[in-house]
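Participant: fold the stuff below for me.
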Amino acid sequence: MGRRNAIMICLGTTALVVLGLIMLASTSVWVESEDSKYSHLIKQARWTAIGVVLASIVASIDYRLFKKHAKLIFIFSVLLLALCYIPGIKHTVNGETRWIKVPVLGQFQPSEVSKLGVIIALGSYLAHFQSETRTFKKGFIIPGILIVVPVALIFFEKDMGTAVGLAAACFAILYIAGTRARYLVFSAVGGMTALVLAVWTNANRWDRITSFTDMEANKLGAALQQWRSKLAFSNGGIDGLGLGNGAEKHGYLPFAHTDFIFPMIGEELGLWFTLGTVFCFVIIAVYGIGVAIYASETFGRLLAIGVTGLVVIPGMMNIGVTTGLLPNTGLPLPFVSYGGTNLVFTLVAIGLLVSIHRRSKFDDEVNTEVSKGVVRVRI
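Facilitator: Numbering: from 1, shown residues only. Take a look at the predicted model:
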């Protein structure tokens, strides 16, 4: 760990993106399309290229530039989320209004952009008030407002999974910044209570919970996707049926090319590739934390922790859902599932990690500077 952090993160990301394109070529051909049968793959490849270019640009920029404009970034993030509530702009799919339609870009998911904006704003605020993070007002109330407003906007779009993932990433930032443990425990209990009430009062969400506890009885209803995903894993076994030979993608498993692409990896490529997918996220998590450890200042450290959480937490949630360990939340598998907005801005998040890494100070550099009589204090 150290100088290899960015290399390992990029290797893990590349492996996931390539796997996603391969699996999309296998699963999306069975999805009805007005264009060619490979239209989803072509679109995903196009978004991949855009994401790589944007990530490269972000990696070359000094990440501290975002700190200077954190207030504007946060305001823009909130306004972007508010567009999902404006008639004529919002776009509803399956009862969820997490998309908007804009010229040129077409269908667009604001929460994917806003997640990064919230993390930047929160990290900037806590770095600025570093000496007061243990106080009630500046260490808990104000950061709480920065978190609750966008999380609530995302949640009431009926995007519960993204809201929970963002809240968890922000919670990690607060913990690393030094917010008092009792405040964090209070907020966690309050957040879980609010989540339970929101689920209990919504028939659709409650059905997902009850079906999750008894998938056998609900295998033709609310638990259909998770039940079929388990069948896909069992069909694939250790070695898999072979690329392109999966059966569940033929209309049996809904959204096999998006939220439930992980079971298709298990069915066609087997246990080794599913474990490899998990391992790639572990690599990003471990070396993302490594980037935070070696960051040259507090904002970089907090930003690295938050960005790593934005990438890894949704990945683990998706894997938990598709393996039947968590209730269905409707989250895509980062880098792998079909979806342009998610792919582009998750790649941009990786670019931010690389930017932080490139401006870090490593032990051998610090020792060299000390030997030359140059002493720099790292906060």
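
Participant: pLDDT below threshold where in this protein?
Facilitator: 1, 31-36, 94-95, 104-105, 363-379 (pLDDT under 70).

Participant: again, 50 this time
Facilitator: 366-371, 373-379 (pLDDT under 50).

Participant: could I get the buried residue list for the helix or strand hosting V148?
Facilitator: Using DSSP states H and E, V148 sits within helix 142-155. By neighbour count on 16 or more other C-beta atoms under 10 Å, the buried set for helix 142-155 is 142-144, 146-148, 150-151, 153-155. All C-beta atoms are positioned from the backbone trio N, CA, C, and that covers glycine.

Participant: list the helices and strands it packs on?
Facilitator: Secondary-structure packing of helix 142-155 (3 or more C-beta pairs under 8 Å, 6 or more residues apart in numbering; DSSP states H and E): helix 70-82, helix 110-128, helix 160-177.

Participant: could you check how far E267 is from N245?
Facilitator: E267 sits 8 Å away from N245, going by C-beta to C-beta, to the nearest Å.

Participant: who wins for proximity to A188 among the helices and strands packed on helix 142-155?
Facilitator: Comparing the helices and strands packed on helix 142-155 by their distance to A188 (C-beta to C-beta), the top pick is helix 160-177, with 7.1 Å.

Participant: the very next helix or strand once past the closest one vs helix 142-155, what angle?
Facilitator: Downstream of helix 160-177, the first helix or strand assigned by DSSP H and E is helix 181-200. Going by axes from the mean of the first three to the mean of the last three C-alpha atoms, to 10 degrees, helix 181-200 is angled at 20 degrees with respect to helix 142-155.

Participant: name the residues of helix 181-200 that are buried.
Facilitator: In helix 181-200, counting by 16+ other C-beta under 10 Å, buried: 183, 187, 191, 195, 199.

Participant: can you give me the buried ones in the helix or strand just after it?
Facilitator: Next along the chain after helix 181-200, taking DSSP H and E as the criterion, comes helix 203-213. Buried residues in helix 203-213, counted by 16+ other C-beta under 10 Å: 205, 207-208, 211-212.

Participant: mean neighbour count and distance to H40 added to the helices and strands packed on helix 142-155, as a markdown table?
Facilitator: Shown next, in a markdown table, are the helices and strands packed on helix 142-155 (neighbours: other C-beta atoms under 10 Å; distance: least, C-beta to C-beta, whole Å):
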| stretch | mean neighbour count | distance to H40 |
| --- | --- | --- |
| helix 70-82 | 17 | 25 |
| helix 110-128 | 24 | 18 |
| helix 160-177 | 22 | 22 |
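
Participant: nearest residue to V354 other than its sequence neighbours?
Facilitator: A59 (3.9 Å; C-beta to C-beta, 6 or more residues apart in numbering).
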